[in-house]
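J.: Any chance you can model this:
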Amino acid sequence: MSPLPILCIFSLVGISFVNCIESDSTSDSPTEGEFLGGLDNGTPGKVSQLKFIQEPDDYYYAVKSKPTLIVCKAVGAVQITFKCAGVWVRQHEHTNLELVDPLTQIRTLQTSIEVTREEVEEYFGSDGYWCECYASDRVAGTPGAVTIKSKRGFVENAYLKRRFESEPFSARVKLQDQVMFRCLPPEGKPLPEVFWLKDGQLIDTREINFIISSEGSLIINQARLEDQGNYTCGASNVVTRRLSEPATLTIYVNGGWSTWSQWTSCSADCGKGFQRRQRTCTNPATLNGGQHCVGDDAQKTTCTAICPVHGRWSSWSSWSTCNSDCIHHRRRTCDRPSPANGGEYCPGSDLDTINCTGGMCRVHKVTNVGPSEVHPSRQEAREAKNTENIAMYVGLCVAIAVFVIVIVVIVIIVRRRNILHQRNLQDEHLPNGNALHSHSHSEDEKKVKNGSDMLSVPPDLTQTVVAVQGPNSIDLPNNNHMSHINSVDKLPTYAEIAENRLSASYGTNTVNSKPHNMDSSLNQNLDSSVEKLTIKNDKNTLMVTPVGSCNHGNHRPPSDVGDSLMDSRQSMMSVQLPSNIDTDAVTWSTFNHTGGRLLIPESGVSLIIPEGAIKKGQTEEIYMAVCRDDKDRPKLTDKQTILSPVVLCGPFCMVLMKPAILSFDHCASMRQGGWKLIVCTSDTPLEEPPQWQRTVTLGQETINTPIYTQLDPTNCHIMTEHLQRFALIGEAASAGRAIKILRLAAFAPALPPSMDYSIRVYVVEDTHDALEGVIQMERRLGGRLLDKPKQIPFQDGGNNLCLTIEELTPGWKSKLAANYQEIPFRHIWSGNQNNLHCSFSLEMVDVVQDKISCKIQVYQKAILTNRQLLKIGANFKEPPTCLTPVSTLKGRASTVTSTTNSSSGVSSMVTLPDACLQNFRLPSHIRNQLCMLLDTPNARGNDWRMLAQALTVDRYINYFATKPSPTEHILNLWEAIHREETAVTDLMNILRVMGRMDAAAVLEKDIGSWL
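T.: As a prediction, this is how the structure comes out:
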């Protein structure tokens, strides 16, 4: 640092730089009391004007050949002084630069110092070498000076060791297989950035085939022949860069047979011979020691060549009589044998002609001629005969043509007369037939003609108008009509809809009955719950299309949006679900490119359609249901058990542009582990029993796995681009004891008993939907809940579940011989029954009893820790309490959601207050900014990979690495997992802990407007 004084004044556009002064004062720095005296007696007004606009960074790294520069800037400051490691830095070591804004005339003082590596090494304090700066509005020692202090910045010596903690090893892999080169960089400060070289050239990690993991390993998703070479792991920081020993990647190719060649011709011209064909091991050829093709490269087979048969003459016929020309002839034929199989024709002529008078005739002997050399007189006879044949054929063709023309003319005349006759009959039945003809039969009038008692109703674009045909409708194809719905509280089930469905679409004629409008406008949402969907005394029709159809009618250009809206208003769903689906376990809505969320609150099932999953300008009607029928459950082995509800999403034929996130409960106890978990799917048509396939086993994913599964302690989240059926299956891992959580619920009749009383104890999976199914069934049976449902662990191992009834109220007795029952292990673990239960039948001994109480002890045999107690109490004089799954499951409330922003305004989800109507936690512009910041890998590793680790969604991080924007998919999964009110604030804190203050600032900047 130069002690010479510096004085410079210069100006640039927008800012004036004045008083660039470096003091040559050798006086001591101000004392602590002199410099900080203004902190106690300074006025508040001055403090508010004096502030830092640049403070020391958190960490600096000193390099041997280059000192570290620490800079502080303050507004309203006259002097800035540094203190490092508890010692004031002398004034001649400060470099001051005063900046003046020409527009606002605000003065900014910038002061900097340099810290060398030797200064850091000479300090032995336990807190490390640090520096902080003090800004004052007056010169140090002046009375009344106000001073502020910055935060500390720590200075550490930068280094990078030579030895790698783990170097890559050479590998030999099969073509198209995945390979990973492991690399842990040397220890260093700051943390070194890992890079990879292939044959000395830097690998571009933007190519999807190459992924650098968070710890520095290189993953090649699918090894290609061009990926062969020498791979070197590198690490670099501000000090230097280090390279590991190169590792050679050899890719071998197993040989494959080419297609067989054509069979050769038979080796024998006549009789038995041989044929051959060959193939080569060149599809592909072996490479780098790959396995040679297995099998023969040639095949040989016998063949039989058919021998040719040469023709031979028959005997000559007898001579004919002499003709007027004094000649006679004789013939022979080439048929002893006839030529066959390519044999030669008989040589010579088949006709012999000679003079028949012993040479006395004037006609000379005619020599033997061949078949084509005929006597002139015979040739003339043949030509005359051919001419007669041609004339006959021409006449016959002309007669046939005239006959066909006459038939066509007659048919046309008859059809025209029938058409005119039908029109006259229709005009007689229509009230204003002449008026219809005068309008040239417009489209609306043609529709009226299809039924004499049908009335064309113009579509109402503001309300959902639904009409039902009357009994006098014309029997058109598929003209099945629904019966009237007169009940206010009853909604038709899907079984009733299947029996009384209408095949109709927008533009089809409505009937001559009085249609009524539903009490909802276009922007009002419909509730999916049976109790909340009120249908007044209207004649409502549920428009559906045939089962299994994939309706892409909503894929319309913007000019057809009006038609699309009418289609959605005239149909609550564009697909017909199976008849065994409960109406309270289904939801649907129409989505566009902005996405949205579907929810079945009572079942704990939700589906998030992210933004961009549907193409812009298109809309899709998506449905979701929970299948509670026993036949929908997967068929399990004795070792397997179902851990979740069976969830149905559709339509099956739709492929999303981005993965949707399906969330549902599971009942596996993850605390003890011991599980091998499998996600099964089925895309079997809806009305057929599902055929299940094993899609993925958790922990065994590859980059070709079509779905990603995130498992939380109580929830399962599946990212998928294909909508179908889903179920989570589990089995005990090797040398492990798997435990699933069951839910116990006791019910009894709500009406007071006459003599007998039956207590039903249900044993179901500990999920929202399993308990909801039991409650819905008991509602239909008129049952009452006797005690809050309770959990009980159930362990794999073959031990049955035991139930005993104890401490029964006097005046009652059990009808069973023993107050004890057992449910076999396999019925609970691998059974196919949804609502598994057992019953205790009680008999009233004292007729004056008006209440009952007892205890039901439930435990797993031979496992004393797996025990639960149900306390039964019922007073028949009190009305039963109406319980819901939310009130019975302690601490497990339904997730709040909002309706989907659909173009039709029709949705089946629960109506929420306006404050809750928020599909996504993060707005689109905030999400895009976070993706731009975190998608790019950096040296510190605090990019999308660290975000996945912080959010604990890094179980198989290669899934996100193969996506165009890993951050976007991680945030979509975060949206599905974290629905709590503090989710955004927690995300902001995670970004701060990661050291990504820029990403946290993006959230913090707009937090007041949308959080």
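J.: you'd agree Ser265 is in a strand?
T.: No: going by DSSP: H, G, I helix; E, B strand; the rest coil, the assignment for Ser265 is coil, not a strand.
J.: contacting residues for the residue lying closest to it once chain neighbours are set aside?
T.: Nearest residue to Ser265, sequence neighbours excluded (Cβ to Cβ, 6 or more residues apart in numbering): Gln275, at 7.3 Å. C-beta here means a position set from N, CA and C on the backbone, and glycine is covered the same way. For Gln275, the contact set (Cβ atoms under 8 Å, 6 or more residues apart in numbering) comprises 263-267, 300-303.
J.: low pLDDT regions in the stretch 751-900 of the chain?
T.: Low-confidence segments of the stretch 751-900 of the chain, defined by pLDDT under 70: 817-818, 848, 880-900.
J.: and the residue nearest to Ser265, how far is that from Ser267?
T.: 7 Å (Cβ to Cβ, to the nearest Å).
J.: cool, Val398 as well?
T.: Counting by Cβ to Cβ, the gap from Val398 to Ser267 is 59 Å.
J.: Helices of the stretch 1-150 of the chain, start to end?
T.: Shown for the stretch 1-150 of the chain, the helices assigned by DSSP state H, counting those that start in this stretch span residues 32-35, 38-41, 44-49, 117-122.
J.: Which one of those has the poorest average confidence?
T.: For the helices of the stretch 1-150 of the chain, mean pLDDT drops lowest on helix 38-41, to a mean of 41.
J.: So, low pLDDT: which residues of the stretch 901-1011 of the chain?
T.: Looking at the stretch 901-1011 of the chain by pLDDT under 70, you get 901-918, 1007-1011.
J.: quick one on the thing from earlier: neighbour-wise, which of Val398 and Ser267 wins?
T.: A direct count of neighbours by other Cβ atoms under 10 Å for Val398 and Ser267 places Ser267 higher, at 13 against 10.
J.: need the contact list for that one.
T.: Contacts of Ser267 by Cβ under 8 Å, 6+ apart are 273-275, 303.
J.: Distance check, the nearest residue to Met994 once chain neighbours are set aside against Phe960.
T.: Nearest non-adjacent residue to Met994, counting by Cβ to Cβ, 6+ apart: Asn942, 4.5 Å away. Using Cβ to Cβ, Asn942 is found at 16 Å from Phe960.
J.: May I ask which helix or strand of the protein has the lowest mean pLDDT?
T.: Of all helical and strand segments in the chain, the minimum by mean pLDDT, DSSP states H and E falls on strand 502-503, at a mean of 29.
J.: Among the contacts of Ser267, which one sits closest to Glu778?
T.: Gln275 (77.0 Å; Cβ to Cβ).
J.: quick check, the residue nearest to Ser265 in a helix?
T.: No: per three-state DSSP, Gln275 lies outside any helix segment and is strand.
J.: Could you list the buried residues of the lengthiest strand in the chain?
T.: For the chain, the longest strand by residue count, based on DSSP state E, is strand 863-875. Residues 866, 868, 870, 872, 874 are the ones in strand 863-875 that count as buried (16 or more other Cβ atoms under 10 Å).
J.: Thr641 versus the first one, what's the distance?
T.: Shown here: Asn866 relative to Thr641, a distance of 15 Å by Cβ to Cβ.
J.: repeat for the fourth one
T.: If you measure Ile872 against Thr641 using Cβ to Cβ, the figure is 28 Å.
J.: Ok, the last one next?
T.: Look at Ala874 and Thr641: by Cβ to Cβ, they are 33 Å apart.
J.: Just the terminal-to-terminal distance for stretch 776-789.
T.: This stretch, stretch 776-789, spans 15 Å end to end (Cα to Cα, to the nearest Å).
J.: Check the offset of it from the chain's centre.
T.: 37 Å (Cα atoms, centre = their mean, to the nearest Å).
J.: same check, this time on stretch 630-647
T.: 22 Å.
J.: now the end-to-end length of that stretch.
T.: Start-to-end, stretch 630-647 (Cα to Cα) is 13 Å.
J.: Return the set of buried residues in that stretch.
T.: Buried residues in stretch 630-647 (16+ other Cβ under 10 Å): 632-634, 636, 640-647.
J.: Thr81 touches Trp88, doesn't it?
T.: Yes: contact criterion Cβ atoms under 8 Å: Thr81 and Trp88 qualify, at 6.6 Å.
J.: ok, Val115 - how many residues close by?
T.: Using other Cβ under 10 Å: Val115 sits among 22 other residues.
J.: which residues does it contact?
T.: For Val115, counting by Cβ under 8 Å, 6+ apart, the contacting residues are 60, 62, 67-68, 70, 84, 129, 131, 155.
J.: Return a PyMOL selection command for the buried portion of the residues you listed.
T.: The PyMOL selection below is limited to those of the contacts of Val115 classed as buried (16+ other Cβ under 10 Å):
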select buried, resi 60+62+67+68+70+84+129+131+155
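J.: Redo the contacts of Val115 as TSV? Include distance to Ile600.
T.: As requested, the contacts of Val115 are exported to TSV (distance: Cβ to Cβ, whole Å):
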residue	distance to Ile600
Tyr60	55
Ala62	61
Pro67	65
Thr68	60
Ile70	59
Cys84	63
Tyr129	60
Cys131	59
Val155	58
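J.: Looking at the contacts of Val115, which are in strands?
T.: 60, 62, 68, 70, 84, 131, 155.
J.: Of these, just say which sits nearest to Ile739.
T.: Looking across these and measuring by Cβ to Cβ, the closest to Ile739 is Tyr60, at 52.7 Å.
J.: The closest one is in contact with Phe154, isn't it?
T.: Yes: Tyr60 lies in contact with Phe154 (Cβ under 8 Å); the separation is 7.1 Å.
J.: Show me the shaky parts of the stretch 501-650 of the chain.
T.: For the stretch 501-650 of the chain, the ranges with pLDDT under 70 are 501-576.
J.: run the last query once more with 90
T.: Counting by pLDDT under 90, the stretch 501-650 of the chain contains low-confidence residues at 501-585, 601-603, 629-632, 638-639.
J.: What degree of burial does Leu69 show, as a neighbour count?
T.: Under the criterion other Cβ under 10 Å, the count of neighbours that Leu69 has is 11.
J.: Got the phi and psi for the closest residue to Ile990 other than its chain neighbours?
T.: In this structure, Ile990 finds its nearest non-sequential neighbour in Ala950, 4.7 Å apart by Cβ to Cβ, 6+ apart. When read as degrees, to the nearest 10, the backbone of Ala950 gives phi -70, psi -30.
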